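[1] Below are the sequence and a predicted model for it; my questions follow.
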Amino acid sequence: MPMNRTQSELWFKRAQSVILGGVNSPSRSYKSVGGGTPIVMAKGEGSKFYDVDGNVYIDYLAAYGPSVLGHAHPHITQAIERAARDGILYGTPATSEVEFAEQLRAAIPDLERIRFVNSGTEAVMTTIRVARAYTGRTKIVKFAGCYHGHSDAMLVAAGSGPSSMGVPDSAGVTPSTAGEIITVPFNDIPALQEALSIHGDSVAAVLVEPIVGNFGMVAPESDTYLRQVIDLAHNHGALCVFDEVITAFRFHYGSAAQLYNVHPDLYAMGKIIGGGLPIGAYGGRKDIMEQVAPLGPAYQAGTMAGNPLSMRTGIACLEVLRQPGTYEGMDRKAKRLVAAIEAAAKDNGVAITVNRIGGAFTVYFGSHPVRNYDDAMATDSATFGKFFHLLADRGIIIAPSKYEAWFVSAVHTDEDIDETCRVVADVFKALAK
Ligand SMILES: Cc1ncc(COP(=O)(O)O)c(C=O)c1O
Ligand SMILES: NCC(=O)CCC(=O)O
């Protein structure tokens with residue numbers, strides 16, 4: 001029995017007549033999966049989504065990362081209720097921002113000083129400004145296919161949504177802004193060396209997703225890669241900024257930098273640390289952060305920055321993530337799911353490559369290893385599109401793009417995984433037909 005999606009169709013039609021493209025973020029459209037009407041959700045509870053037609057789905061989209069505790073987690077809901085009773089926005093200093101910053105620094109000691117903002121975009125955008133202020137230089141080295149939000153400078157060779165929409169280099173970005181960005185392939189030290197040997201004197205920062213999440217999940221190829229990236233930046237008088245918007249608190253209670261035992265100068269964060277509420281944060285070395293007003297000459301501000309609602313929800317999220325076994329559970333469940341995906345693909349003669357890091361993974365259609373953006377682009381988009389729709393029609397939600405990840409959350413049950421394994425077996429059978 002095909003799912004009835006009549007109400008989704010009606011709502012999406014209504015959406016398109018008032019919201020541009022029917023979506024508030026292009027990634028939510030089905031443009032890169034062969035089209036179709038995006039499913040309109042009515043409710044989330046635990047690991048499940050309920051759409052406006054009453055269909056139930058298991059959610060591996062996790063709102064593109066933040067929903068590490070699933071939907072309506074009681075501890076999060078309670079924190080929101082309590083915070084709402086105390087007033088959600090002060091425009092003054094408040095205790096919650098101090099407590100939250102202390103907890104983040106306790107987990108990631110490199111965050112000597114922190115600032116809260118409202119999105120990952122803002123966090124990265126500001127680290128760039130701070131790096132420029134500190135070094136007196138203008139250029140930024142980024143890695144092709146990494147996505148760092150939608151600030152002008154970051155829309156050069158951007159993976160994720162921009163790539164999925166066919167606009168990795170956005171219109172509306174001035175040539176002078178784009179000209180400040182130097183792009184090199186990920187996992188390629190000689191290319192970085194070459195770029196820095198040409199432009200090194202004018203580079204303010206090398207900016208990297210330490211574990212990439214935006215041309216799918218791609219880890220550094222060697223344990224020393226990130227150390228080499230940082231050392232090369234420093235050898236040329238540049239800073240190194242880690243964009244940990246996806247990775248912070250994703251794989252363990254802390255940063256990706258800690259997994260590789262390295263220390264970037266600045267970090268950008270977002271997503272998980274807000275427990276589902278809007279948030280971004282940046283921080284790092286005290287002498288660098290002191291560039292920012294009121295202590296220094298670089299400006300960054302925000303009416304909503306550090307609002308008690310996001311702070312107290314973030315604190316509540318960290319409280320749950322600290323519970324023993326949380327990350328082991330996500331890793332174990334994702335491992336089991338990936339094994340089932342690989343077995344189903346093999347049984348049906350469908351060539352796939354899966355990159356998994358802990359509870360996050362990407363299924364690429366192709367047999368070649370995916371270690372950079374070019375490799376990800378070379379995977380089969382049409383088959384991914386079919387895969388996406390076959391899953392959705394059987395009650396499994398993942399991101400509608402081959403450049404994103406499945407996120408197993410702390411609240412996916414073993415039964416969810418069992419059910420997903422069954423669906424996946426069926427989906428690969430259908431793909432092979
Ligand atoms: C690595 C990375 N940096 C920055 C961003 C931008 O964050 P936001 O969408 O909260 O602005 C994202 C995701 O969107 C991301 O994946
Ligand atoms: N990994 C990329 C994103 O999380 C982007 C979400 C969005 O643009 O809606």
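    Ah, there it is. Residues are numbered from 1 along each chain as shown. Ligands and ions are numbered 1, 2, ... in the order given.

[2] Keeping just the C-alphas, turn stretch 167-181 into PDB.
    Only the C-alpha atoms of stretch 167-181 are listed here, as PDB (Å, rounded to 0.1, in the frame of the first residue of the first chain):
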ATOM      1  CA  VAL A 167      25.300  26.400  -6.900                       C
ATOM      2  CA  PRO A 168      28.500  25.600  -5.000                       C
ATOM      3  CA  ASP A 169      29.600  29.200  -5.900                       C
ATOM      4  CA  SER A 170      26.600  31.400  -5.100                       C
ATOM      5  CA  ALA A 171      25.500  34.300  -7.200                       C
ATOM      6  CA  GLY A 172      25.500  37.600  -5.300                       C
ATOM      7  CA  VAL A 173      29.000  37.100  -3.900                       C
ATOM      8  CA  THR A 174      31.300  39.800  -5.100                       C
ATOM      9  CA  PRO A 175      34.400  38.800  -7.000                       C
ATOM     10  CA  SER A 176      36.500  40.600  -4.400                       C
ATOM     11  CA  THR A 177      35.000  38.600  -1.600                       C
ATOM     12  CA  ALA A 178      35.300  35.300  -3.500                       C
ATOM     13  CA  GLY A 179      38.900  36.300  -4.500                       C
ATOM     14  CA  GLU A 180      39.900  36.200  -0.800                       C
ATOM     15  CA  ILE A 181      39.100  32.500  -0.600                       C
END
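
[3] What parts of this protein come near ligand 1?
    Within reach of ligand 1 by C-beta under 6 Å from any ligand atom, the chain has these residues: 119-121, 124, 147-149, 209, 213-214, 243, 245-246, 270. Using the backbone N, CA and C atoms, a C-beta is placed for each residue, glycine as well.

[4] Which stretches in the stretch 1-150 of the chain count as helices?
    6-16, 74-85, 95-107, 120-135 (DSSP state H, counting those that start in this stretch).

[5] closest one to ligand 2 among these?
    helix 120-135 (7.8 Å; C-beta to the nearest ligand atom).

[6] which helices and strands sit right next to the closest one?
    strand 113-117, strand 203-208, strand 239-243, strand 266-270, strand 280-284, helix 286-289 (3 or more C-beta pairs under 8 Å, 6 or more residues apart in numbering; DSSP states H and E).

[7] could I get these as JSON lines with mean pLDDT, distance to ligand 2 and mean neighbour count?
    Formatted as JSON lines, those follow (pLDDT from 0 to 100; distance: least, C-beta to the nearest ligand atom, whole Å; neighbours: other C-beta atoms under 10 Å):
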{"stretch": "strand 113-117", "mean pLDDT": "98", "distance to ligand 2": "16", "mean neighbour count": "22"}
{"stretch": "strand 203-208", "mean pLDDT": "98", "distance to ligand 2": "15", "mean neighbour count": "26"}
{"stretch": "strand 239-243", "mean pLDDT": "98", "distance to ligand 2": "11", "mean neighbour count": "29"}
{"stretch": "strand 266-270", "mean pLDDT": "99", "distance to ligand 2": "9", "mean neighbour count": "29"}
{"stretch": "strand 280-284", "mean pLDDT": "98", "distance to ligand 2": "12", "mean neighbour count": "28"}
{"stretch": "helix 286-289", "mean pLDDT": "98", "distance to ligand 2": "25", "mean neighbour count": "17"}
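
[8] and the least confident helix or strand in the chain by mean pLDDT, is it in reach of ligand 2?
    Across the helices and strands of the chain, mean confidence by mean pLDDT, DSSP states H and E is lowest for helix 160-164: a mean of 89. Yes - judged by C-beta under 6 Å from any ligand atom, helix 160-164 and ligand 2 are in contact via 160, 161.

[9] My understanding was that residue 362 contacts residue 219; is that so?
    No - the pair residue 362 and residue 219 fails to qualify as a contact (C-beta atoms under 8 Å) at a distance of 11.1 Å.

[10] what residues are shared contacts of these two?
    When C-beta atoms under 8 Å, 6 or more residues apart in numbering defines a contact, the residues bordering residue 362 and residue 219 alike are residue 355.

[11] before we move on, back to that, most tightly surrounded among the helices of the stretch 1-150 of the chain?
    helix 120-135 (a mean of 24; mean count of other C-beta atoms under 10 Å).

[12] got the contact list for that helix?
    By C-beta under 8 Å, 6+ apart, the residues outside helix 120-135 that reach it are 115, 117, 138, 140, 148-151, 153-154, 204-205, 207, 237-239, 241, 243, 245, 265-271, 280-282, 284, 288-289, 291-292, 296-300, 302.

[13] Report pLDDT for residue 83.
    On pLDDT, residue 83 comes in at 98.

[14] any idea which helix or strand carries the residue lying closest to it once chain neighbours are set aside?
    Closest residue to residue 83 apart from its sequence neighbours, by C-beta to C-beta, 6 or more residues apart in numbering: residue 312 at 4.1 Å. Assigned by DSSP states H and E, residue 312 belongs to helix 308-321.

[15] That helix to helix 95-107, inter-axis angle?
    For helix 308-321 and helix 95-107, the angle between their directions (axes from the mean of the first three to the mean of the last three C-alpha atoms, to 10 degrees) works out to 40 degrees.

[16] count of neighbours near residue 248?
    29 (other C-beta atoms under 10 Å).

[17] what's the helix or strand for the residue most central in space within the chain?
    Central residue of the chain (C-alpha atoms, centre = their mean): residue 246, 3.4 Å from the mean position. Using DSSP H and E, residue 246 falls within no helix or strand.

[18] Which pLDDT value goes with it?
    For residue 246, the predicted pLDDT is 98.

[19] That one against residue 210, yeah?
    No - taking contacts as C-beta under 8 Å, residue 246 lies outside contact range of residue 210: 9.8 Å.

[20] That's all I had, so thanks and see you.
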